[in-house]
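In: whatever this is, show me its structure:
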Amino acid sequence: MLGVRDLSFAYRRGGEELFGGLSHDFREGAMTAVTGPSGRGKSTLLYVLGLMLTPSAGEVVLDGVAVSRQPDHQRSRVRAEAIGFVFQDAALDASRKVLDSVVEPALYAGWRPRAPSGGRGS
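Out: Sure, this is the predicted structure:
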């Protein structure tokens, strides 16, 4: 399970704090909608949950383990193996199929592509 405990984030020291000490568990199989006006931190929250930004206070917790303050190489491994991340902005390559961008995190996690089942000859 992914969760946050007392989460706050600021882009610079003394800057506006986002999330106001948010604590929440994102339960497996449940859907969570993050909504709000432009510029209020929705994408920033996803980057913090995806371990690409470090909270200024609080912690991101995955399966009971605090992961957001681990060294970069460990956060990268956790992101590849347990989270997966499809970018919504300039990091998304417009020349690729959406499916390729969705499948890419599984490749980082070590999954190997296989031929689709069904089809001809089966």
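In: from now on I want contacts and neighbour counts done on CA atoms only, so please keep to that.
Out: Will do.
In: for Gly21, see how far away Ser8 is.
Out: Distance of Ser8 to Gly21, given as Cα to Cα, to the nearest Å: 5 Å.
In: those two: who's more crowded?
Out: Between Ser8 and Gly21, Ser8 has the larger neighbour count (other Cα atoms under 10 Å), namely 22 against 16.
In: residue contacts, Met31?
Out: For Met31, the contact set (Cα atoms under 8 Å, 6 or more residues apart in numbering) is empty.
In: so what's it scoring on pLDDT?
Out: In this model, Met31 is scored at 89, pLDDT.
In: equivalent analysis for Thr35, please.
Out: In this prediction, Thr35 carries a pLDDT score of 92.
In: I figured it was touching Lys42, is that so?
Out: Yes - using Cα atoms under 8 Å, Thr35 makes contact with Lys42 at a distance of 7.0 Å.
In: neighbour-wise, which of the two wins?
Out: Lys42 (16 against 9).
In: quick one, what contacts the more buried one?
Out: Neighbours of Lys42 in contact, by Cα under 8 Å, 6+ apart: 34-36.
In: re the thing from before, which neighbours do Ser8 and Gly21 have in common?
Out: 57-58.
In: separation between the closest residue to Ser56 other than its chain neighbours and Leu53?
Out: Leaving aside its sequence neighbours, Ser56 sits nearest to Phe9 (Cα to Cα, 6 or more residues apart in numbering; 4.8 Å). In this view, Phe9 and Leu53 are 9 Å apart by Cα to Cα.
In: hey, where'd the helices end up in the chain?
Out: Taking DSSP state H as the criterion, the chain contains helices spanning 42-49, 72-78, 98-108.
In: which residues of this structure fall in strands?
Out: 2-9, 18-26, 57-62, 65-66 (DSSP state E).
In: count of residues packed around Pro55?
Out: 24.
In: okay, now the residue nearest to it when sequence neighbours are not counted: neighbour count?
Out: Once flanking residues are discounted, Pro55 sits nearest to Phe9: 4.8 Å by Cα to Cα, 6+ apart. Counted by other Cα under 10 Å, the residues lying close to Phe9 total 23.
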